[in-house]
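J.: okay, structure incoming, though there's no sequence with it:
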């Protein structure tokens, strides 16, 4: 008997199935995110982290940010975070490649949502954490990069290549190099996210926090615009 599907994955699958019926390209990122979430839940179940309960909370709070941004965009597009507006507006353009759609979603969710997610989970205890405890949180955060690396090849085979025959050629010519480059890009982004979150957690002034969050979103938006106009 197959194990029951986690509610967060079932919610993603429902959206993906509906979007794919209508050729809605928002499904490209969400199918990738669903694969990642499934692999993360398996790693949590296997106790691959120092504190699997904390990583589980991080996973679900992170997903909340995605669903909230989506609901906001669907109800009042101009009220959604600008970086998500860019990703969802671009999803309406069939001339944009699958890889661009994927990276736009990854950019918005990691470079913006993940910063806020980390602050949500750490702000009440950050000051009281010892250097050792902070290090263990960071180790768990970095361990996620290994799960991402294991997911990237499947994402390419099942999501990118069907819509981009050139990706299959690149994969056969370069082997794991292209997957490695995507994984390294995401790892680089996630390292910047941790540094931004740590900076926010050290700031007591609400106005200064808001200024930095605005700056973080502006940087993510700039990256998103680079993706839409890049060589991909």
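T.: Cool, got the structure. Computed from a predicted model, the values in this text were never measured in an experiment.

J.: ok, and what's touching the helix or strand containing residue 64?
T.: Using DSSP states H and E, residue 64 falls within helix 52-75. Residues outside helix 52-75 that contact it (Cβ atoms under 8 Å, 6 or more residues apart in numbering) are 8, 11-12, 15, 33, 37, 40-41, 44-45, 49, 79-81, 84-85, 88, 108-109, 113-114, 116-118, 120-121, 137, 140-141, 143-144. All C-beta spots, glycine's among them, are computed from the backbone N, C-alpha and C.

J.: where in the chain is pLDDT low?
T.: Along the chain, segments meeting pLDDT under 70 span 1-4, 153-181, 230-232.

J.: three-state assignment of residue 15?
T.: helix (DSSP: H, G, I helix; E, B strand; the rest coil).

J.: just give me the neighbour total for it.
T.: Neighbour count for residue 15, taken as other Cβ atoms under 10 Å: 17.

J.: by contact count, what packs against the helix or strand containing residue 191?
T.: Under the criterion of DSSP H and E, residue 191 resides in helix 177-201. When contacts are defined as 3 or more Cβ pairs under 8 Å, 6 or more residues apart in numbering; DSSP states H and E, helix 177-201 packs onto helix 98-108, helix 115-122, helix 131-155, helix 165-174, helix 206-228.

J.: ok, 6 Å please
T.: Contacts defined by 3 or more Cβ pairs under 6 Å, 6 or more residues apart in numbering; DSSP states H and E place helix 177-201 against helix 115-122, helix 131-155, helix 206-228.

J.: buried set for the shortest one?
T.: Right, the one you point to is helix 115-122. By neighbour count with 16 or more other Cβ atoms under 10 Å, helix 115-122 contains the buried residues 115-122.

J.: and for the last one?
T.: Residues of helix 206-228 classed as buried: 209, 212-213, 216-217, 220-221, 223-224, 227-228 (neighbour count, 16+ other Cβ under 10 Å).

J.: I'd like these as TSV, with distance to residue 183 appended.
T.: Shown next, in TSV, are the buried residues of helix 206-228 (distance: Cβ to Cβ, whole Å):
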residue	distance to residue 183
209	31
212	28
213	27
216	23
217	24
220	19
221	23
223	17
224	20
227	17
228	22
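
J.: closest to residue 24 out of these?
T.: Set against residue 24, the nearest of these by Cβ to Cβ is residue 228 (17.8 Å).

J.: give the contact list for that closest one.
T.: Applying Cβ atoms under 6 Å, 6 or more residues apart in numbering, we find residue 228 in contact with residue 90.

J.: residue 111 versus that one, what's the distance?
T.: Using Cβ to Cβ, to the nearest Å, we find residue 228 at a distance of 15 Å from residue 111.

J.: could you do residue 73 as well?
T.: Distance from residue 73 to residue 111, by Cβ to Cβ: 17 Å.

J.: neighbour count: these two, which is higher?
T.: Neighbours per residue (other Cβ under 10 Å) separate residue 73 from residue 111, with residue 111 holding more: 23 against 19.

J.: quick check, that one in contact with residue 218.
T.: No. Using Cβ atoms under 6 Å, residue 111 is not in contact with residue 218; the gap is 10.6 Å.

J.: got a markdown table for the helices and strands packed on helix 177-201, with distance to residue 198 too?
T.: Formatted as a markdown table, these follow (distance: least, Cβ to Cβ, whole Å):
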| stretch | distance to residue 198 |
| --- | --- |
| helix 115-122 | 8 |
| helix 131-155 | 8 |
| helix 206-228 | 11 |
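
J.: so which of those comes closest to residue 25?
T.: Smallest distance to residue 25 across the helices and strands packed on helix 177-201 (Cβ to Cβ): 12.9 Å, for helix 206-228.
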